[in-house]
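> how does the following fold in three dimensions:
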Amino acid sequence: MERNDFYQSVEQQANLGDEADARDATQAVLSALGERLDDTRSQRLDGDLPAEIGDHLAEGPSGRALSADEFRSRVAERTDRTDGRDPDQLSRAVIGALLEHVDEDEADGLRERLEEFGYDEIVPESGPGAER
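The predicted structure is shown next:
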C-alpha cells in the first residue's frame with residue numbers, strides 16, 4: 001500500500017473531505033497510538049508503513065498508560081482540519097488502514113493489544129482492517 005492509498009482509505013472510511021483531512025486524522029491517531037504502544041511494536045509498525053505515515057508513531061514518548069477516554073482526547077486535541085469529528089470514527093478509519101497495511105501476524109497482535117488497552121471502539125468490525 002502506498003501513501004496515497006493509505007490516505008484514500010482513511011478519507012473514505014471516515015467520510016472526510018479530502019486527502020489533507022485524511023493526513024490530519026492519520027497524524028492525530030498515529031501519534032496518540034505511538035504514545036500508548038511500546039517502542040518495539042511502534043518500530044515494527046513504522047517499518048511496514050510509508051515513511052511519512054509511520055513516522056507519526058515515533059513522534060513522542062511511548063508506553064504511556066492512556067485510558068480510552070484519554071486516547072480520544074488526544075486524537076481530538078491533535079486534529080486541525082478534522083476538528084469536531086468523532087475521534088472514534090477517525091481512529092477506526094486510521095487503524096483500519098494500518099491493519100490492512102501490516103502483515104497478518106502484526107495486525108492480529110495489534111488488535112489484541114488494542115483490546116487489552118480497552119480500545120475496542122477503535123478496532124474496525126467491518127471494512128478495511130476488520131478481522132477476516
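> can you pull out the helices in the chain?
Using DSSP state H, the helices found in the chain span residues 3-13, 19-36, 39-48, 51-54, 68-78, 87-101, 104-116.
> flag every buried residue along the second one.
When burial is assessed from 16 or more other C-beta atoms under 10 Å, helix 19-36 yields the following buried residues: 21-36. Every residue, glycine included, has its C-beta placed from N, CA and C.
> determine which two of these are furthest apart.
Largest separation among these by C-beta to C-beta: Asp21 and Arg36, giving 23.2 Å.
> low-confidence stretches in the protein?
Along the chain, segments meeting pLDDT under 70 span 1, 82-83, 126-129, 131-132.
> switch the cut-off to 90
Applying pLDDT under 90 to the chain picks out residues 1-4, 38-40, 42-48, 50-52, 57-66, 78-86, 101, 103-104, 120-132.
> chain center to stretch 87-106: distance?
Offset of stretch 87-106 from its chain centre (C-alpha atoms, centre = their mean, to the nearest Å): 6 Å.
> so what touches it?
With contact meaning C-beta atoms under 8 Å, 6 or more residues apart in numbering, stretch 87-106 is reached by 1, 6, 9-10, 12-16, 25-26, 28-30, 33, 44-45, 48-49, 71-73, 75-76, 79, 82, 107, 110-111, 114, 119, 121-124, 127-130.
> how about a cut-off of 6 Å?
Residues from elsewhere that reach stretch 87-106 (C-beta atoms under 6 Å, 6 or more residues apart in numbering): 1, 6, 9-10, 13-14, 25-26, 29, 48-49, 72, 75-76, 107, 121-122, 124, 127-129.
> Gly60 and Asp5: what is the separation?
Separation of Gly60 from Asp5 (C-beta to C-beta, to the nearest Å): 26 Å.
> check which residues of stretch 108-118 are buried.
Buried residues in stretch 108-118, counted by 16+ other C-beta under 10 Å: Leu110, Arg111, Leu114, Phe117.
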